[in-house]
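Engineer: give me a 3D structure for the following:
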Amino acid sequence: MDVISLSDDPAILKAIIIERDKYIASQQISIVESSTIIAAHETTIACHKSTIANHEAVIADHEAVIIQMQERIDWFKAILFLAKSEKAKRKTNEEQYSLFDEIEFVTQLASDEADTNEPLCEIAAHRRGKRGRRPFPEAIPRVDVLIDIPEEEKICPCGCHMTRIGEEISEKLDFEPAKFQVTRFIRPKWACTKGCKGADDLGPGVKTAAMPPQLIPQGIVSPGLLAWILLSKFADGLPFYRQHNIFNRLGMDISRATMSGWALRAGRTCEPLIDLLRRRLRSGQYINMDETKVQVLGEPGRKNSALSYMWVARGGPTDRPVVLFHYAPTRSGSEAQHIVGDFQGYLQTDGYSGYNALGNQEGIVHVGCLAHVRRKFMDVVKAGGKKTGKANTAQTVINHITSVYTLENQAIKNGLLPEAIYHMRQEQIRPILDQIKQLLQLRKESTPPKSLLGIAIRYALGQWSRIEAYIEDGRLRPDNNLAENAIRPFAVGRKNWLFSGSPKGAKASAALFSLIETAKACNIDPYHYLLNLFEKLPYAKSEDQLEALLP
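Structural biologist: Take a look at the predicted model:
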């Protein structure tokens, strides 16, 4: 029997082909299902990777926040444990920093100790003045106390009388506590003894001299006492309750309410002088401006805990500068505009945005404050010492700024005129400022914006055009310290009296601060100025007479 090949049977071959096709189809289905499973797994893996990436981003953000918080903790610790004595500050050199870096003039930091291997140089001999106690001012009165030997010791052993050939004088500084005295105004009464009738209210034919004009006609206070009370509070930061205790020890009871009333009355009476000061402030070519917080009770529509502001501007003629304080319940730039008015010239401020509109005003050139820029980088160094690259960058900027101030101090010491100062700045200071700007631009993109260094860099670059503006005029200063020094007595006093009792009280305080600080800026003793003002102000009627009473 012949062997039949499977391929020779069409039915079998067809069945085989069908089975093969089914097998191939099933394999394809398996492949598709596997691909689907693989795709699902890949999707799951991608989701996990995305989740991991998100978690890593969150962790990075948290780490960045931790770094920023650690910077601030280190900064607060540096302030908290700052050396208290000037001697300790000098020992630690640039690693210790003053609490008043923002408003004090920056000086050249001490250089490192010289290498002992360097050759020594000889210094020519010189004469040094004798060290000792400084003599007392000649203006202080002297009370002589004679201390002599007994008469019997003035006889020489040979029997003759000794002759006075000189004297030994030793001076001791004494102090007599303040004391009260009552000034009595005695006005004789004059009358006709023959019984004539006069028009005087005191009686028929009786005449007396009128009382001289008084700043507070119905008050018991004299110009001298009023000047002392106001100076003690507004120049020395001594609140009325402490003055009340001091006066009690001297045997006089003057209540806080009474002194507050006198201050309000004096401030209100001096308002015409403040208007003249404001006009004189705008007459110069240069104004420094700053503001600080103050709490005022009883402001309409506001809580007692709300913060108000005391603005200060320093300007006017160079030889007779004006310091003007202005109270306002807001920090709005409109208050700065009210102070400046129609002024045209240079306006120097810190980086507060409320001054931006003034900087865009026609006729005003807005100048920035290099001390504020330095302060931001000082915060970085305080927080990190010299352990990080951030601190190194900040220290480099500080060193450049120190070089700027060294040149400025040298120019002042040499008595250079504004024109010479201008040329010095163009030749020597402009290249230093350019180096600082290039360094800041280089570090900007690689520095986290919310870190202390990032904040310092962005603040500096945002203010840079105003910082550079000061080198265009030799009369300008690199910082806004004139305004900040003027506002410091207010800030110191605020720590003692804490708040103003009313808006009227804050306005009166602004007027009295203006007069006292303007007198100090003009090198006038503020007590004698207030004494003279309170004596003569009641007689002043015309604007010329008021002008004569300005510091």
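
Engineer: hang on, Ala191 packs against Gly205?
Structural biologist: Yes - between Ala191 and Gly205 there is a contact at 4.9 Å, judged by Cβ atoms under 8 Å. C-beta here means a position set from N, CA and C on the backbone, and glycine is covered the same way.

Engineer: now the helices: where do they sit in the stretch 451-551 of the chain?
Structural biologist: 452-469, 481-497, 503-521, 526-536, 543-547 (DSSP state H, counting those that start in this stretch).

Engineer: comparing those, which gets the lowest mean pLDDT score?
Structural biologist: When those are compared on mean pLDDT, helix 481-497 scores lowest, with a mean of 88.

Engineer: from the chain's centre, how far out does that helix sit?
Structural biologist: 7 Å (Cα atoms, centre = their mean, to the nearest Å).

Engineer: what is it packed up against?
Structural biologist: Applying 3 or more Cβ pairs under 8 Å, 6 or more residues apart in numbering; DSSP states H and E, one finds that helix 481-497 contacts helix 223-234, strand 286-296, strand 307-315, helix 503-521.

Engineer: list the buried residues in it.
Structural biologist: 481-490, 493-494, 497 (16 or more other Cβ atoms under 10 Å).

Engineer: quick check: angle from that helix to helix 503-521?
Structural biologist: Interaxial angle, helix 481-497 versus helix 503-521 (axes from the mean of the first three to the mean of the last three Cα atoms, to 10 degrees): 130 degrees.

Engineer: which residues touch helix 481-497?
Structural biologist: Helix 481-497 is contacted from outside by 102-105, 233-240, 242, 288-292, 294, 310, 312-314, 323, 325, 348-349, 371, 513, 516-517, 521, using Cβ atoms under 8 Å, 6 or more residues apart in numbering.

Engineer: what of stretch 353-372?
Structural biologist: With contact meaning Cβ under 8 Å, 6+ apart, stretch 353-372 is reached by 101-103, 105-106, 289, 331-333, 335-337, 340, 343-351, 401, 404, 459, 463-467, 469-470, 476, 478-481.

Engineer: which of those residues are buried?
Structural biologist: Listed as buried from those are 102-103, 106, 289, 331, 335-336, 340, 343, 345-351, 401, 404, 459, 463-464, 466-467, 469-470, 476, 478-481; burial here means 16+ other Cβ under 10 Å.

Engineer: please flag which of those residues sit within strands.
Structural biologist: Met289, Gly345, Tyr346, Leu347, Gln348 (DSSP state E).

Engineer: check what pLDDT the first one gets.
Structural biologist: pLDDT recorded at Met289 is 94.

Engineer: next structured bit after the lowest-mean-pLDDT helix or strand in the chain?
Structural biologist: Every helix and strand in the chain was compared by mean pLDDT, DSSP states H and E; the lowest is helix 86-92, with a mean of 44. Reading on from helix 86-92 to the C-terminus, the next helix or strand found by DSSP states H and E is strand 190-191.

Engineer: and the next helix or strand past that following strand?
Structural biologist: strand 206-207.

Engineer: quick one: mean pLDDT for that following strand?
Structural biologist: Strand 206-207 carries an average pLDDT of 84.

Engineer: packing partners of that strand?
Structural biologist: strand 190-191.

Engineer: any weak-confidence spans in this structure?
Structural biologist: Scanning the chain for pLDDT under 70 picks out 1-8, 68, 71, 75, 77-79, 81-132, 195-204, 385-390.

Engineer: 80 instead, please
Structural biologist: Low-confidence segments of the chain (pLDDT under 80): 1-10, 14, 56-57, 60-133, 193-205, 359, 383-391, 498.

Engineer: just put the buried residues of helix 481-497 in JSON lines and tack on distance to Pro538.
Structural biologist: Below are the buried residues of helix 481-497 laid out as JSON lines (distance: Cβ to Cβ, whole Å):
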{"residue": "Asn481", "distance to Pro538": "37"}
{"residue": "Leu482", "distance to Pro538": "33"}
{"residue": "Ala483", "distance to Pro538": "33"}
{"residue": "Glu484", "distance to Pro538": "35"}
{"residue": "Asn485", "distance to Pro538": "33"}
{"residue": "Ala486", "distance to Pro538": "28"}
{"residue": "Ile487", "distance to Pro538": "30"}
{"residue": "Arg488", "distance to Pro538": "32"}
{"residue": "Pro489", "distance to Pro538": "27"}
{"residue": "Phe490", "distance to Pro538": "28"}
{"residue": "Gly493", "distance to Pro538": "27"}
{"residue": "Arg494", "distance to Pro538": "31"}
{"residue": "Trp497", "distance to Pro538": "28"}
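
Engineer: need the helices for the stretch 301-450 of the chain, in chain order.
Structural biologist: Going by DSSP H, counting those that start in this stretch, the stretch 301-450 of the chain shows helices at 333-340, 356-359, 370-384, 389-413, 418-424, 430-444.

Engineer: of the ones you listed, which approaches Glu168 most closely?
Structural biologist: helix 389-413 (41.5 Å; Cβ to Cβ).

Engineer: tell me which residues in the closest one are buried?
Structural biologist: 390-391, 393-395, 397-398, 400-405, 407-408, 411.

Engineer: do stretch 447-460 as well
Structural biologist: Neighbour-count burial for stretch 447-460 flags Thr447, Ser451, Leu452, Leu453, Gly454, Ile455, Ala456, Ile457, Arg458, Tyr459, Ala460 (criterion: 16+ other Cβ under 10 Å).
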